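**Q** Below are the sequence and a predicted model for it; my questions follow.
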Amino acid sequence: MSPTGPDVVVVGGGAAGLTAAREVHRRGARALLVEAHALGGDCTFTGCIPSKALLGAAADGASWDEALRRVHRTVAAVAATEDAAALGREGVEVRHGRARLTGPGRLEVDGSAVEAGAIIVATGATPLLPSIPGLDRVDPLTSDTVFDLDARPRSLAVLGGGPVGCELAQACARLGVAVTLVEAEGRLLPAEEPDASAVVAAALAADGVDVRTGSTVTSAAPGRSGGVALELDDGTAVGAERLLVAVGRRPSGAGLGLEELGAEVDARGAVVVDDTMATSVPGIWAAGDVTGRLALTHAAARMAMVAAGNATGGARTRLRPARFDAGQVPWATFTDPEVGRVGLTEAQAAGRGAKVCELPFTELDRAVTAGRTEGFVKLVAGPRRGLGWAGGGRLLGATVVGPTGGDLVHEAALALRTGMFTGRLAQTVHAYPSWSMALQLAAAQLFAEVGGRRARPARS
Ligand SMILES: Cc1cc2nc3c(=O)[nH]c(=O)nc-3n(C[C@H](O)[C@H](O)[C@H](O)COP(=O)(O)OP(=O)(O)OC[C@H]3O[C@@H](n4cnc5c(N)ncnc54)[C@H](O)[C@@H]3O)c2cc1C
Ligand SMILES: NC(=O)c1ccc[n+]([C@@H]2O[C@H](COP(=O)([O-])OP(=O)(O)OC[C@H]3O[C@@H](n4cnc5c(N)ncnc54)[C@H](O)[C@@H]3O)[C@@H](O)[C@H]2O)c1
């Protein structure tokens with residue numbers, strides 16, 4: 001550790017950096033957090049917070065202006081809990097400026113030298129802009145700029161049907177914007193179960209979104225009467241007042257001085273780390289979106305806890321350093337209905353002798369009473385080493401699609417995290433008529449026929 005300077009300098013004050021700095025302090029070491037802009041990063045200013053505030057306002061039937069006011073009010077409220085004054089009260093020193101690594105344990109912040117025992121890089125990611133001819137002539141929006149729109153666009157073309165594209169397409173459609181969503185893959189949310197994609201596509205269509213899957217934009221140009229004119233590779237055209245690009249994010253690991261010090265930065269700009277969040281250079285760690293691993297706030301925070309623990313000595317003093325396990329991290333896409341996911345999909349588990357239990361919400365009394373029967377639960381289970389299918393084997397993955405799918409998935413996340421027998425989900429009495437009873441009714445299919453359903457082999 002450094003005799004005079006901070007023990008750990010954390011570069012970047014988003015979800016990962018804030019968590020890392022707080023954890024370093026909690027462990028009794030001195031933390032300096034360096035941030036080039038405002039503390040809070042993507043989640044607070046351009047990601048989770050504004051997008052969920054916009055979705056909430058749209059679901060409540062707000063006007064565009066009311067919705068944007070709610071977005072800005074919510075962002076300000078969250079940002080106030082994590083600004084430099086708040087961090088100072090917690091014991092974390094904050095320096096405003098852009099950091100660059102100059103040597104092991106050495107950095108420059110806006111030109112002034114800083115020394116530290118260890119460095120945690122948490123510089124996040126930025127929206128990816130694909131190389132489409134003419135894109136630079138149509139002033140495309142990204143998640144960095146869409147929440148700054150003053151007036152409601154009449155129409156919006158959204159490129160990319162991942163979580164950002166789907167959430168913002170639905171919110172904007174509900175706020176009265178005519179939305180066309182273009183996704184290159186054959187279905188929306190291509191990382192999710194195909195059935196989940198189908199439910200979300202139907203929900204977006206019901207909200208008036210023109211969903212075009214299996215196609216992409218080949219050229220963009222200013223429209224003859226204003227706006228944007230897009231040509232698609234299927235020969236069709238899309239005209240809209242504005243274009244929102246949501247095709248993924250690029251990790252911000254290049255240009256920080258890491259490569260010069262011998263740390264590996266891959267072609268995407270991701271800082272390469274092992275599961276202890278160590279880079280290839282001793283004393284330099286990384287966490288969050290900059291690692292190119294799960295680009296989620298709670299994953300960033302978990303990576304930061306691991307990095308901070310190991311950077312403050314955990315890696316040396318403990319027999320086993322802390323490790324980040326992406327396989328146990330759940331996530332949710334907050335469309336209506338929501339998609340909650342943890343672990344493997346059916347296709348990923350096929351070939352491992354896995355079994356699948358499904359419960360469509362047409363067979364769940366709570367969904368029937370709520371008139372929301374479009375969702376489902378799918379559990380993927382596998383045999384346990386030595387014990388086979390005793391106790392229903394162990395849970396490998398789960399998908400929950402429904403109004404509260406992003407919350408329901410956590411019962412499955414707990415089962416997966418603790419290596420629980422899947423049968424415990426079936427044995428646990430669930431309140432009637434709750435949404436979470438769907439997990440119990442699905443797990444019970446591993447033991448008996450439930451409403452004509454039984455666990456079946458996983459298919460690829
Ligand atoms: C529209 C949208 C919605 C999202 N919704 C969700 C959601 O619902 N749930 C969820 O879990 N995730 C969501 N995410 C993802 C989530 O926002 C990110 O995974 C998370 O914010 C990443 O945190 P981070 O700390 O790694 O990076 P960031 O938040 O990007 O923080 C990096 C920080 O580093 C600073 N920085 C960069 N370079 C330097 C430098 N050289 N010196 C000093 N500072 C520097 C930047 O200014 C920035 O503040 C969403 C993302 C988007 C775009
Ligand atoms: N609710 C959440 O947790 C949440 C919400 C939003 C974002 N995020 C995080 O932010 C990250 C970025 O989200 P995202 O949706 O921008 O990226 P993504 O990579 O998840 O999805 C991008 C989509 O765009 C499509 N695409 C790529 N190039 C295209 C092209 N040229 N034309 C048409 N489609 C194209 C891809 O097939 C993919 O479906 C995600 O990885 C996610 O982890 C999370």
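**A** Arrived safely. Numbers count the residues shown, from 1 in each chain. Ligands and ions are numbered 1, 2, ... in the order given.
**Q** Tell me the residues of this protein that contact ligand 2?
**A** 130, 159-165, 167, 182-185, 190, 216-217, 246-249, 295-296, 331-334 (Cβ under 6 Å from any ligand atom). Just so you know, the C-beta spots here come from the backbone N, C-alpha and C atoms, and that holds for glycine as well.
**Q** could I have stretch 177-197 exported to PDB, CA atoms only?
**A** This file holds the C-alpha atoms of stretch 177-197, laid out as PDB (Å, rounded to 0.1, in the frame of the first residue of the first chain):
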ATOM      1  CA  VAL A 177     -44.600   8.200 -30.800                       C
ATOM      2  CA  ALA A 178     -45.000   6.100 -34.000                       C
ATOM      3  CA  VAL A 179     -42.200   3.600 -33.500                       C
ATOM      4  CA  THR A 180     -40.600   1.200 -36.000                       C
ATOM      5  CA  LEU A 181     -38.100  -1.200 -34.500                       C
ATOM      6  CA  VAL A 182     -35.500  -2.900 -36.700                       C
ATOM      7  CA  GLU A 183     -33.700  -5.900 -35.400                       C
ATOM      8  CA  ALA A 184     -31.000  -7.800 -37.400                       C
ATOM      9  CA  GLU A 185     -31.600 -11.200 -35.800                       C
ATOM     10  CA  GLY A 186     -34.800 -13.200 -36.500                       C
ATOM     11  CA  ARG A 187     -36.400 -12.200 -33.200                       C
ATOM     12  CA  LEU A 188     -36.300  -9.500 -30.500                       C
ATOM     13  CA  LEU A 189     -34.200 -10.100 -27.400                       C
ATOM     14  CA  PRO A 190     -32.200 -12.800 -29.200                       C
ATOM     15  CA  ALA A 191     -30.300 -13.800 -26.000                       C
ATOM     16  CA  GLU A 192     -33.600 -14.900 -24.300                       C
ATOM     17  CA  GLU A 193     -35.800 -17.900 -24.800                       C
ATOM     18  CA  PRO A 194     -37.600 -17.800 -28.200                       C
ATOM     19  CA  ASP A 195     -41.000 -17.900 -26.400                       C
ATOM     20  CA  ALA A 196     -40.000 -14.800 -24.400                       C
ATOM     21  CA  SER A 197     -39.100 -13.000 -27.600                       C
END
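**Q** what about it, near ligand 1?
**A** No. Stretch 177-197 lies out of reach of ligand 1 by Cβ under 6 Å from any ligand atom, never closer than 13.5 Å.
**Q** Stretch 16-32 too?
**A** Yes. Contact of stretch 16-32 with ligand 1 (Cβ under 6 Å from any ligand atom) involves A16, G17.
**Q** List the buried residues of that stretch.
**A** By neighbour count with 16 or more other Cβ atoms under 10 Å, stretch 16-32 contains the buried residues 16-27, 29-32.
**Q** I figured V24 hits A311, correct?
**A** Yes. At 7.1 Å, V24 and A311 qualify as touching, with contact defined as Cβ atoms under 8 Å.
**Q** what is in contact with those two at once?
**A** By Cβ atoms under 8 Å, 6 or more residues apart in numbering, V24 and A311 have these common neighbours: V8, I120.
**Q** And the contacts of stretch 382-397?
**A** So stretch 382-397 is contacted by 341-346, 348-349, 352-355, 379-381, 412, 415-416, 419-426, 443, 446-447 (Cβ under 8 Å, 6+ apart).
**Q** Narrow those residues to those that are buried.
**A** Judged by 16+ other Cβ under 10 Å, buried ones among the contacts of stretch 382-397: 341-346, 348-349, 354-355, 379-381, 412, 415-416, 420-423, 425-426, 443, 446-447.
**Q** how far does stretch 444-458 sit from the chain's center?
**A** Stretch 444-458 has its C-alpha centroid displaced from the chain centroid by 32 Å (Cα atoms, centre = their mean, to the nearest Å).
**Q** Same check on stretch 429-448?
**A** Worked out by Cα atoms, centre = their mean, stretch 429-448 lies 28 Å from the chain centre.
**Q** can you give me the end-to-end distance of that stretch?
**A** Taking Cα to Cα, to the nearest Å, the first and last residues of stretch 429-448 lie 17 Å apart.
**Q** By proximity to ligand 2, which residue of the chain wins?
**A** As assessed by Cβ to the nearest ligand atom, ligand 2 sits closest to G162 within the chain, at 2.1 Å.
**Q** residues contacting that residue?
**A** Listed by Cβ under 8 Å, 6+ apart, the contact partners of G162 are L189, P190, A191, A246, V247, G248.
**Q** swap in A438?
**A** With contacts defined as Cβ under 8 Å, 6+ apart, A438 is in contact with L359, F361, L364, R366, A367, F376, V377, V400, G402, L408.
**Q** I'd like to know how far it sits from L408.
**A** To L408, A438 is 7 Å away according to Cβ to Cβ, to the nearest Å.
**Q** Common neighbours of these two, please.
**A** With contacts taken as Cβ under 8 Å, 6+ apart, the residues that reach both A438 and L408 are V377, V400, G402.
**Q** residue contacts, the residue in the stretch 351-460 of the chain positioned nearest to ligand 1?
**A** Distance from ligand 1 to each residue of the stretch 351-460 of the chain (Cβ to the nearest ligand atom) is smallest for G406, at 8.4 Å. Residues in contact with G406 (Cβ under 8 Å, 6+ apart) are A332, T333, F334, E338, V339, G340.
**Q** can I assume A196 is in contact with P190?
**A** No. Using Cβ under 8 Å, A196 makes no contact with P190, being 10.4 Å away.
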